[in-house]
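[1] need a 3D model of the sequence below.
(one chain, ligands or ions: 1)
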Amino acid sequence: MTAIGVETLNMTMKFGGFTALEDCSIKIAPGSFHALLGENGAGKSTLVKCMMGFYHATSGQMLVDQREARISDPKAAHALGLGMVYQHFTLVPSLTVAENLVISREDAPNIIDWRSERAALQDFMDGMPFQVPLDQPVRALAAGEKQKLEILKQLYLGRRFLILDEPTSVLTPDEADEVLSHMRALCRDGAISVLMITHKFREVTAYADTVSVLRRGKLVGGGKVAELSHDDMAGLMMGEAQLAQPAHRAGTRGAPILELAGIKATDRTGRKDIRIDSLRVHAVEIVGVAGISGNGQMELMEILTGQRPCQSGEIRVKGTPYIASRSEAHRHNIRFLPEEPLHNACAPRMSVCDNIAFRSFDTDGGFWLSGRNMRARAFDLVNQFKVKTTSISAPISALSGGNVQRTVLARELSGQVDLLIISNPCFGLDFSAVSEIRARIMKARNAGAAVLILSEDLDEIMELTDRVLVMSEGAITYDMPTAEADIATIGHHMGGHG
Ligand SMILES: Nc1ncnc2c1ncn2[C@@H]1O[C@H](COP(=O)(O)OP(=O)(O)OP(=O)(O)O)[C@@H](O)[C@H]1O
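    Here you go, the predicted structure:
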């Protein structure tokens with residue numbers, strides 16, 4: 001196994017009249033661990049998609065091991081030893097680790113001789129610095145194990161230059177450290193080179209040797225990580241922009257807005273119960289539900305949005321029984337911010353403007369259907385929430401992940417909000433967007449909203465909330481004002497040892 005070096009020379013990518021990447025020259029030496037930083041929409045994904053052949057750069061060149069490479073499509077990139085690991089998993093949950101590895105091969109035979117494949121896979125696994133059990137079904141693996149398998153899959157396929165796109169977003173801090181330590185060790189051994197997109201400075205400092213920073217499609221700086229502080233990197237990313245300041249709580253909490261009592265429902269697998277004996281969120285209060293993903297948070301969100309029936313129990317909003325219908329949500333000024341907003345809260349092919357007007361279409365009647373008002377409103381919100389888009393007529397699916405998130409937040413946080421129910425609001429956002437979104441949520445609370453936030457990011461919960469709950473095995477096992485909460489105790493509850 002020998003690491004591959006990759007270099008881009010003056011790479012430019014235009015989408016119509018918009019330049020997403022301009023004259024970008026980045027060098028990743030063989031065996032190095034290189035971080036790629038930049039705010040949402042800075043051009044990181046565009047750069048790596050050009051490298052992998054998903055996009056054809058408008059101009060510029062690419063060198064692989066110092067030789068000019070023409071990468072017409074991802075297959076050509078793979079043939080040169082370039083591979084990519086994504087935020088989200090690409091494995092087949094119902095198949096075993098061994099099956100996933102074998103079917104990922106382009107030359108996988110139609111009839112597989114499992115005995116010889118199994119032996120070859122075991123040899124491969126034994127030669128790796130970290131292992132995942134070959135006979136386990138992928139669905140039974142923890143998130144960290146799945147991400148390790150994604151990386152092993154790339155190595156198994158012979159890839160020697162790995163692009164990691166926010167590889168730790170779905171991992172706990174311990175899992176992230178384990179995975180990245182292995183990657184760094186492989187780089188140090190000269191087995192692979194890594195280009196990692198991340199928003200986490202800690203990961204850059206702890207694992208990367210070199211870094212490049214993009215702003216508005218241009219390379220604005222970088223160099224050896226050891227010579228740059230977090231402030232240097234933040235300064236390069238943001239330019240002159242200022243971070244939003246958190247809005248500290250004004251006033252005490254008010255009457256209960258959301259109340260759940262004696263709720264019982266089945267989970268996604270149909271095998272376990274979700275049991276919420278009691279959960280209350282008051283006006284002027286942010287309640288955070290911490291927990292490792294898969295402990296019932298998704299089901300709780302579904303119960304609250306009316307997508308999952310309850311076998312027993314009651315939900316009340318502002319003291320009256322609540323059946324989670326669209327019209328009731330509208331009547332009570334309830335807003336939802338689901339995970340993966342592009343798929344769960346947008347019409348991807350429609351424009352930014354239409355997506356902003358979306359929620360109001362069927363409720364506010366004529367006013368919103370007036371094209372001019374709709375556009376003026378969208379324009380104002382796009383500016384207020386600093387959504388980076390070529391125009392409000394662009395399809396929302398052409399926006400970067402972070403900018404889709406901002407658009408949905410702009411839509412949901414405008415107007416009177418009495419109850420806000422959010423799932424992982426800052427997933428995939430850069431640090432300035434994170435501080436801005438959190439400031440907006442706090443502002444909504446200070447204006448009187450009751451906020452329930454489900455988040456896998458414990459730091460986020462500690463920073464943002466007034467009260468912290470832990471959800472484990474489908475039940476709330478911990479409930480404490482955040483100021484009095486103890487991280488170690490929360491950690492025990494999250495692990496199911498409360
Ligand atoms: N297919 C496309 N068509 C039009 N514009 C696009 C397309 N893909 C990306 N863009 C635009 O190019 C810019 C850079 O987007 P890109 O996805 O590269 O950003 P990013 O740095 O990866 O952001 P994030 O951290 O949010 O993922 C954005 O303004 C985006 O709207």
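[2] could you use CA atoms for every contact and neighbour count after this?
    Fine.
[3] closest point of the stretch 101-250 of the chain to the ligand, which residue?
    The minimum distance from the stretch 101-250 of the chain to the ligand, using CA to the nearest ligand atom, falls at residue 217 (6.8 Å).
[4] isn't that residue up against residue 45?
    No: here residue 217 does not reach residue 45: they are 10.4 Å apart, not a contact under CA atoms under 8 Å.
[5] neighbour count for these two, which is higher?
    Of the pair residue 217 and residue 45, residue 217 is the one with more neighbours under other CA atoms under 10 Å, namely 22 against 18.
[6] where's the more buried one relative to residue 40, distance?
    11 Å (CA to CA, to the nearest Å).
[7] what do you get for residue 412?
    Distance of residue 412 to residue 40, given as CA to CA: 20 Å.
[8] more neighbours: the two, which one.
    Legend: neighbour count by other CA under 10 Å for residue 412 and residue 40, higher for residue 40 (27 against 18).
[9] show me the contacts for that one.
    In this structure, residue 40 makes contact with 400, 401, 402, 403, 429, 430, 433, judged by CA atoms under 8 Å, 6 or more residues apart in numbering.
[10] mind doing that once more with 10 Å?
    When contacts are counted by CA atoms under 10 Å, 6 or more residues apart in numbering, residue 40 touches 199, 215-216, 237, 387-388, 399-404, 406, 428-433.
[11] do the same with residue 384
    Applying CA under 10 Å, 6+ apart, the residues contacting residue 384 are 378, 410.
[12] ok, now residue 115?
    Going by CA under 10 Å, 6+ apart, the list of residues near residue 115 reads residue 121.
[13] quick one, phi/psi of it?
    Dihedral angles phi and psi of residue 115 (degrees, to the nearest 10) take the values phi -60, psi -50.
[14] could you do the one 5 residues further on as well?
    Comment: the main-chain dihedrals of residue 120 come out as phi -70, psi -40, following degrees, to the nearest 10.
[15] of the contacts of residue 40, which belong to strands?
    In strands, defined here by DSSP state E, the members of the contacts of residue 40 are residue 215.
[16] show the end-to-end separation of stretch 77-91, please.
    Using CA to CA, one end of stretch 77-91 lies 20 Å from the other.
[17] coming back round to it: need the pLDDT of the residue of the stretch 101-250 of the chain closest to the ligand.
    The predicted local distance difference test score for residue 217 is 95.
[18] likewise for residue 360?
    We note a pLDDT of 55 for residue 360 in this prediction.
[19] same question for residue 243.
    According to the predicted model, the pLDDT of residue 243 comes to 66.
[20] kindly report the same for residue 270.
    79.
[21] name the SS class of it, please.
    Per DSSP: H, G, I helix; E, B strand; the rest coil, the local secondary structure of residue 270 is coil.
[22] residue 432 and the ligand: what is the separation?
    Look at residue 432 and the ligand: by CA to the nearest ligand atom, to the nearest Å, they are 11 Å apart.
[23] over to residue 261?
    Residue 261 sits 39 Å away from the ligand, going by CA to the nearest ligand atom.
[24] now do the contacts for that residue.
    275, 276, 277, 278, 279, 280, 312, 313, 314, 315, 316.
[25] ok, residue 455 touching residue 289?
    Yes: taking contacts as CA atoms under 10 Å, residue 455 lies within contact range of residue 289: 6.3 Å.
[26] any stretches of the stretch 251-400 of the chain with poor pLDDT?
    In the predicted model of the stretch 251-400 of the chain, residues 359-370 satisfy pLDDT under 70.
[27] that older thread, between residue 455 and residue 289, which contacts overlap?
    Common contacts of residue 455 and residue 289 (CA under 10 Å, 6+ apart): 297, 423, 461.
[28] the first one reaches residue 275, doesn't it?
    No: contact between residue 297 and residue 275 fails when scored by CA under 10 Å: they sit 11.4 Å apart.
[29] hey, what's in contact with both of the two?
    By CA under 10 Å, 6+ apart, the residues touching both residue 297 and residue 275 are 267, 473, 474, 475.
[30] distance of residue 27 from residue 388?
    Spatial separation of residue 27 from residue 388 under the definition CA to CA is 27 Å.
[31] typed the wrong thing, it's residue 317
    Residue 317 sits 36 Å away from residue 388, going by CA to CA.
[32] related to what we said a few turns ago, residue 297 and residue 275: which has the busier surroundings?
    Shown here are residue 297 and residue 275; by other CA under 10 Å, residue 297 has more neighbours (26 against 22).
[33] next up, the contacts around that one.
    Counting by CA under 10 Å, 6+ apart, the residues that residue 297 touches are 267, 274, 289-291, 303, 423, 454-456, 470-475.
[34] among the residues you listed, which ones are in helices?
    residue 303 (DSSP state H).
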